[in-house]
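> got a structure for you, letters missing:
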Ligand SMILES: Cc1cc2nc3c(=O)[nH]c(=O)nc-3n(C[C@H](O)[C@H](O)[C@H](O)COP(=O)(O)OP(=O)(O)OC[C@H]3O[C@@H](n4cnc5c(N)ncnc54)[C@H](O)[C@@H]3O)c2cc1C
Ligand SMILES: Cc1cc2nc3c(=O)[nH]c(=O)nc-3n(C[C@H](O)[C@H](O)[C@H](O)COP(=O)(O)OP(=O)(O)OC[C@H]3O[C@@H](n4cnc5c(N)ncnc54)[C@H](O)[C@@H]3O)c2cc1C
Ligand code: SF4
Ligand code: SF4
Ligand code: SF4
Ligand code: SF4
Ligand code: SF4
Ligand code: SF4
Ligand code: SF4
Ligand code: SF4
C-alpha cells in the first residue's frame, strides 16, 4: 500500500521514536509511506491562535505540495497536525473566496485536496486483521488506556470517528492481544498548547488524566500524538515532584505497542528514550496460545 | 352576450378618487355592454335591487361590478345575480377600491386604471361559462387514527354527538403516553385515575368501533367520501373468546427476554402479554419475536392453560375497509432516545451524557414509570442500577430540543413543566434528597404553570441552575455532572446518584409515511401541518382531515384535549349537512386531445388526477387519458400550466380567459 | 431618448389569489400608495401560470411583467408554487433567447400580510422598468404580423 | 438593530465575523462550552461570557480577558455546542483582533511562547526546539523550568542542535509576511 506521509515537526525532534517505530511497523505491514517533499510546519496551535490566514496558508502549502506530488491520500501521525490539515481542507472547500486568497498567498493552486487520515484511521484502513495476522507476540498482560486527547476525533462532523465515545483506537490495540480499559478521560485535553508557557496548568490536567487511567486499572497508556506523549510522559517528572504519592505509568505511542506485538524490541522502537521507564513484561507466547 | 356594468362609489371611498360617472360612461361603450350605471352603495339592498332590476329590464346574461375586493363582496353579488336568474359564475368583480382608489391619489390616473380593470372584467365575463357548485354526499363516519388521550377525546366527542367512529390504534391497547404518566402537572392528579374511565368509555361506546393492534394501510377518496383500508394485525388470541383472565401470561415461560415497552425497558414481560393491567381491551397478544412456539414450534403452554380456548396460533392479519367521511389524526409523539441512534438517523445521540451506557441516566418517561404507583418500584424512588434511593438527582432540560447539532431546533414545550413536576414529586417523597435542574429558559406559559414552577423552587427547594451540562461520567458509583451556572459565571460540578434527561418530544418515526398514505403535508421534523397556523390550526390542507394532539407539535394534555375537541367539532361541522358544496373551479380534461403523458398527474399535489381507459365498443383499449376526480381537485391549475398539449383546463381560469384579460389590459 | 425612458410603462402582474392578491388588498386597506402602472391578473395559484402568458403579455405590449405568489412553503395548494418555481428556472434561460431583458421580468413572494412589501415590490419594479424604456421589439413584430394577417 | 436610513458602522464584531465566517449572534448563551472547558478553572471570564461581550459590543472587555489566551484550542466546546457555534475558532478570532488592536495581553508568557514558536517556523520552515526554547526563555526570563527534562532529551537526540531548514524557506517567510497580524493603531 502506498500513502502520503506528513510527519510534522515533532517527528524529527521530540518524537523521533514515534517516527522510527512507525516506519518499522509500516514496513512489516507492507505499507510504503511517501514523505511529502519539502513539507513545512502546519503552524500548530501558535499559528491559528494568532492569525487565521497564516494557519490556513501554512497548512495549505503542505496540501498543495502533496497534490503536486500526486498523492491522493496522506496521513499525519500528530493529532494536532492532522487537525490543522483537516480544518484547513474543510475551510478551503467551504469558502471558495478564501481558497482563492490563500492560493495567492502561497503561490500554489489547489484543486484536489488529498484525503487526510489520522494515525488511528490509517491503521483502521490497513485493517486490524492484517495486524493480527502479522502479530508475533500476544500482549495479553497489557491493560491499555487508549488516550485520544482532544484533537484526534474533533471537530465532530468532519471527522469519521464518534466524537464523544470513540472506540477505533481500542479496536486496533485489541488486535495486539492487549486488553483495553473503559475510562473517563480519554478525550480530556492535557493542555499541550500551554506545555511550556503554563506548566502549572499542564501538570494539573495531565495528572487528572493519568490518575483516571490508573484508577480504572490501566498499566500502560497508548497515545496517538507527540504532544500528548510529551505531556503525559515527560510531565510525570513534574507531577512527581509536586505530588509525592503519584505513581507513574508508562506511555506508549500506538506505533510502539503495535511494534511490540510485531516482535520488535524496546530499543528498536525507541521506547528506551521515554522518560517513564517501560517495564511491562513482553512475552513471546504466541506458540503457547496457538498450541 | 348582454353585459351590465355597475360601478360602486362605496360612499366616498371609491368616489373620492375615481370619477365613477366617467368609468360608467366609458364602460357603456365596451363591446357587449348594454347597460352601465354607477351608484353610491352597490352592496346595500337598494344597490342589489338595482342589479336585479337591470337583469330583468335589459335581459342581462353577464354582470360586472366595480367595487371593493372580491374577497369582500363577491359572494353578495353572485347571490344577487343568482336570485335574478343568472348563473352566479357569470358575475365578475373589478377591484376599484383596494386596488385603485385607496392606493392612488391622482383622480385621472385612478379613473383610467379603473376603466382598464372594468374592461378586463368584461372581457373575462364574456368567456365565463355557467357553472354549478359541485355537490358531494357525506358519509357521516369518522376515522380516528391513534388512541392516546387526543384520539380518545376526539372519538368520544364525535360519538357522543351521535356519529359513528372507527378508532384505530397500532398498539395492543389504547391510552398512549398518558397511561404511562405518574401524576400530571399542574395539578398533580393521578394520570391513570383520570384516563382509565375514558378508555373504558371508548370500549363500551355503542358508536365506537375500536380496532387495536391495527394500522391504516390505504386511504382513497376525498372529503366526505374516504375509503380506508385497515390492517388488523394478528394477535394470535381470539378476541371474541378471551376473557382477559391472564392465566396464559402467568404460565408463559418467557419472562425475561422481552423488555416491557410500557415500563420503558425498566422491567420485562412475558411473550404473551397485555402492555399494562388496565389495558383496553384487556386481551393479550403474542410477541412472535420472542415466543418459543413461533421460534421452534414447541411450547404452546398458553394454549394449554387457556380455559376459553382462545389462543389461535394460525391467526393471520386481516384487512378491513371502512367508508369514512372525516379523518382525525391523533398519532402522538415519541421521546428522543438517549441511546446512540442508528447511522441513518438525523439524531446524533448524546455521547457526552453516556448514551444509554449509564443505567441511572434515564429519560423522562422512565422517570414517570419509577414515580408511578403502578410502576416497577410501586412509586418508590430507586435507581435502576442498584435499587438504592437516590439522594441527589440532577435533571437536565432541553436534551435534544433547541439543539441544532444533536437534535432539533424547536422547543418541546412540555419538558420545563414535567421536569418541575419530576423534581417536585421526588422532593415530596425523598425529603432529604437534593434536586438540581439545569435549564436554559423556563417556559411555563399556561394557566397555573408559572406558579407551579415557582412552587417547586420556593416551597420544595429544588435548585435551578441556568446552564447546559457539558458532560456526565461515572466515578465511584456517582455520576459527575459538569455544568456552568451562567448567571453567576461559575463552573458547577455535582456528584449525583441519578440523572434525568428531559429529552425532546419527536414525531412518530412512521409519521411521514402515514402522512403520505393519508395525503396530508408534514414538516421537516415529521409533524403534521395545519392549513393556517392562526385561524385554522386543527385542519390539514386536505379537506376533511383534521389534526389533534402531539402529532401536530409538542403539546401537553390540556392542549391535546382542546385540539382533539376542536378537531371533533370540525368533523361534525362537515356532518351538519348531507351534501357538501364546493366551488366549481376544478380542472377538466379534453379527452380527445389528451395524449396520456400524465405530466399533470405528477404535479398534482392532491392526487386528483386518475388514469381513465378509453375503450371501443368491443372493449379494446384505445388509449389512456387523464381524468380529474372532482372531489379531490382543489383548483390550483398547476396541471393546466404543465400540460404540453393544453388538454387539461382549469374552469374559470382557462387559457382563453387569461389571454382575453391580457389583451384587454393593453 | 430621455423622454422615452421616463414614459409611463405598462406592467402586467400575475398574482395568486391567496397571497399576493390579498397582500395588495391589505396595501389598500392600509391606504398605502404606489405607482399606478400595474394591472393585476388574479390566478388561483402561481402554479397556474404558464410561461406563455408572460410572452403573450410582452407581445401585447407590456413593458414589464411581475409574477408574485406565496412564499415557498406557504403555498395554499401544498406545492403549486414549487412547481411554478421549477418552471421559472427553465424559463429564465429562454428569456434571453427571446430577446427579453431580464430586468423586465420580476418574481417575488408577497404574502397576504405583506401589504408594505407589495408596495415596495411594485414601486421598485416600476422604477426599474422605467429605466428600461418601452419594450418595442415585439411591437414591431406585431405590426408586421398584423399587416401580413 | 440596523435601520434603513443609518449607515452601518464597522465594528470588531464584523472583523470577527469575517475571520470566522460565523455570526456571533448564533450563540444563545447556554454555557455548555464553559461547562466542559478544561481551562475553565484558570480563566477569569467563562468562554460563553467572551461571546456575550462581543454580542453586547463590550469589545475591550473581551480583548482584555485572560480567557482568550488561556483557551487551549481543544475544540471541546465547538464539538458540543448545540448551536454548532465554533467557539474555538471564535476565540482564535478574538485573539487576532486583540493583537490587531494592540491590546495589552493578560497572559504574556503564552503569547511570548507563540511568538517564539512562530519565529522558528518563519526562519526555518519547521519548528526548531532549541531555538524555540532559547528565544522563549530569553523573552520570559524563565530560565530554569524544564531543566530537569532537557538534558535527557538532548542525550536521546530529541533536541536537534541545528535547525532543519526547508528548501522553500523563502516562500514560508513570504507567507508570514503576507499574513502576519500587525497592530493597526
Ligand atoms: C415525561 C413526560 C411527562 C409528561 N407529563 C405530563 C403532565 O404531567 N401533564 C401533561 O399535561 N402532559 C404531560 N406530558 C405530555 C403528554 O404525554 C402528552 O401531551 C399526551 O400524551 C399527548 O397525547 P396524544 O394522544 O396526542 O399522543 P400519545 O399519547 O403519544 O398517543 C398517540 C397514540 O397513537 C398511537 N399511534 C401512533 N402511530 C400510530 C399509527 N400509525 N396508527 C395507529 N395508532 C398510532 C400510539 O400508539 C398512541 O397510542 C408528559 C410527557 C412526557 C414525555
Ligand atoms: C400586544 C399584543 C400582541 C399580540 N400579538 C399576537 C400575535 O402576534 N399572535 C397571536 O397569535 N396573538 C397575539 N396576541 C394575543 C391575541 O390578541 C389574543 O390571543 C386574541 O386576541 C384572543 O382573542 P379573544 O377573542 O379570545 O379575545 P379578545 O380579542 O379580547 O376579544 C374579546 C371580545 O369580547 C368582547 N367582550 C368583552 N366583554 C364582553 C361582554 N361582557 N359582553 C359582550 N362582549 C364582550 C370584547 O369587546 C372583544 O371584542 C397579542 C396580544 C397582545 C396584547
Ligand atoms: S387468552 Fe385465554 S388465558 Fe389468556 S387471557 Fe384470554 S382467556 Fe385468559
Ligand atoms: S407459546 Fe409462546 S406465548 Fe405461549 S406460553 Fe409459550 S412462549 Fe409463551
Ligand atoms: S419546554 Fe423547556 S425544557 Fe423543553 S425544550 Fe422548551 S425550554 Fe427546553
Ligand atoms: S410570562 Fe409572558 S413574556 Fe414571560 S415568558 Fe411567559 S409568555 Fe413570555
Ligand atoms: S398532461 Fe395533458 S396530455 Fe398529459 S395526461 Fe395530462 S391532460 Fe393528458
Ligand atoms: S387543478 Fe390542481 S388540484 Fe386540480 S387536478 Fe389540477 S393540479 Fe390537481
Ligand atoms: S455552547 Fe455554543 S451556544 Fe452555548 S454558550 Fe457556548 S458557544 Fe454559546
Ligand atoms: S477550545 Fe478553548 S474555550 Fe473551547 S473548550 Fe477548549 S480551551 Fe475551552
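Sure thing, it's come through. All values derive from a computational prediction rather than experimental measurement. Residues are numbered from 1 along each chain as shown, chains lettered A, B, ... in the order given. Ligands and ions are numbered 1, 2, ... in the order given.
> return the distance of stretch B:646-666 from the chain's centre.
Using Cα atoms, centre = their mean, to the nearest Å, the distance from the centre of stretch B:646-666 to the centre of the chain it belongs to is 36 Å.
> now do it, average pLDDT.
Averaged across stretch B:646-666, pLDDT comes to 88.
> ditto for stretch B:425-439
Here stretch B:425-439 scores 97 as its mean pLDDT.
> try stretch B:43-54
For stretch B:43-54, mean pLDDT rounds to 95.
> quick check: residues of the stretch 51-200 of chain A near ligand 8?
With Cβ under 6 Å from any ligand atom as the criterion, the stretch 51-200 of chain A does not come near ligand 8 at any residue. Every C-beta, even on glycine, is put in place using the N, C-alpha and C of the backbone.
> shaky segments in the stretch 51-200 of chain A?
Low-confidence segments of the stretch 51-200 of chain A (pLDDT under 70): A:156-160.
> and if we set it to 50?
Across the stretch 51-200 of chain A, not a single residue meets the criterion (pLDDT under 50).
> stretch B:292-299 near ligand 3 at all?
No: Stretch B:292-299 does not reach ligand 3 (Cβ under 6 Å from any ligand atom); its nearest approach is 13.6 Å.
> next secondary structure after the helix or strand hosting residue B:500?
Assigned by DSSP states H and E, residue B:500 belongs to strand B:498-503. Later in the chain than strand B:498-503, the nearest helix or strand by DSSP H and E is strand B:505-507.
> parallel or antiparallel, list what pairs with that following strand.
According to DSSP bridges, strand B:505-507 has the following sheet partners: strand B:333-335 (antiparallel).
> off-centre distance for the partner strand?
Chain-centre distance of strand B:333-335: 15 Å, with Cα atoms, centre = their mean.
> give me the contacts around the helix or strand following that strand.
Remark: after strand B:333-335, the chain's next helix or strand is strand B:361-363, criterion DSSP H and E. By Cβ atoms under 8 Å, 6 or more residues apart in numbering or on different chains, the surrounding residues in contact with strand B:361-363 are B:264, B:335-338, B:353-354, B:370, B:384, B:472, B:479, B:498-503.
> does strand B:361-363 reach ligand 1?
No: if you take Cβ under 6 Å from any ligand atom as the test, strand B:361-363 misses ligand 1, and the best it gets is 7.4 Å.
> centre of the chain to that strand, how far?
Mean-position distance between strand B:361-363 and its chain equals 30 Å (Cα atoms, centre = their mean).
> same question, stretch B:331-340
So, by Cα atoms, centre = their mean, the centroid of stretch B:331-340 is 19 Å from its chain's centroid.
> so who does the single nearest residue of the stretch 1-150 of chain A relative to ligand 10 touch?
Nearest to ligand 10 in the stretch 1-150 of chain A, going by Cβ to the nearest ligand atom, is residue A:150, at a distance of 7.0 Å. Contacts for residue A:150 were tallied using Cβ under 8 Å, 6+ apart; they are A:187-190, D:38, D:72, D:74-76.
> and residue A:49, by the same measure?
Residue A:49 touches A:193, D:71, D:73, D:91-92, D:95, D:114, counting by Cβ under 8 Å, 6+ apart.
> now do residue B:475
Contacts for residue B:475 (Cβ under 8 Å, 6+ apart) come out as A:184, B:495.
> what's the closest of the contacts of residue A:150 to ligand 5?
Proximity of those to ligand 5 was ranked by Cβ to the nearest ligand atom; the top entry is residue D:76 with 22.6 Å.
> the stretch 51-200 of chain A: strands as residue ranges?
Along the stretch 51-200 of chain A, counting by DSSP state E, counting those that start in this stretch, strands occupy A:73-76, A:115-118, A:143-147, A:179-180.
> chain center to the first one, what's the gap?
Average the C-alpha atoms of strand A:73-76, do the same for its chain, and the two points are 12 Å apart (Cα atoms, centre = their mean).
> buried residues, that strand. List them.
Across strand A:73-76, burial judged by 16 or more other Cβ atoms under 10 Å in any protein chain shown covers A:74-76.
> so where is chain C shaky, pLDDT-wise?
C:1-6, C:144-149.
> does the longest helix seen in chain D reach ligand 10?
Ranked by number of residues, the top helix in chain D under DSSP state H is helix D:108-124. No: Helix D:108-124 is not in contact with ligand 10 by Cβ under 6 Å from any ligand atom; minimum separation 12.1 Å.
> okay, buried residues for that helix please.
Neighbour counts over helix D:108-124 (16+ other Cβ under 10 Å) mark D:109-114, D:116-124 as buried.
> which among those residues are in contact with ligand 4?
Applying Cβ under 6 Å from any ligand atom to the buried residues of helix D:108-124, none is adjacent to ligand 4.
> for chain D, what spans make up the helices?
Taking DSSP H as the test, the helices found in chain D are D:12-20, D:32-36, D:47-56, D:59-63, D:67-70, D:76-80, D:87-100, D:108-124, D:129-140, D:150-155, D:169-179.
> so which residue is smack in the middle of chain C?
By Cα atoms, centre = their mean, chain C has its centre lying nearest to residue C:66, at 1.4 Å.
> ok, that residue - contacts?
Contacts for residue C:66 (Cβ under 8 Å, 6+ apart) come out as C:11-15, C:38, C:105-106, C:108, C:121-122, C:125.
> sec struct for it, please.
What DSSP: H, G, I helix; E, B strand; the rest coil gives for residue C:66 is strand.
> how about the stretch 251-400 of chain B: which residue is closest to chain D?
Of the residues in the stretch 251-400 of chain B, the one nearest chain D is residue B:352, at a distance of 6.0 Å by Cβ to the nearest Cβ.
> pretty sure that residue is touching residue B:468, no?
No: contact criterion Cβ atoms under 8 Å: residue B:352 and residue B:468 do not qualify, at 10.5 Å.
> quick one, which of the two is more surrounded?
Applying other Cβ atoms under 10 Å in any protein chain shown to residue B:352 and residue B:468 shows that residue B:468 carries more neighbours, namely 30 against 23.
> what secondary structure does the more buried one sit in?
Under three-state DSSP, residue B:468 comes out as coil.
> quick check: residue B:7 is in a strand.
Yes: assessed by three-state DSSP, residue B:7 belongs to a strand.
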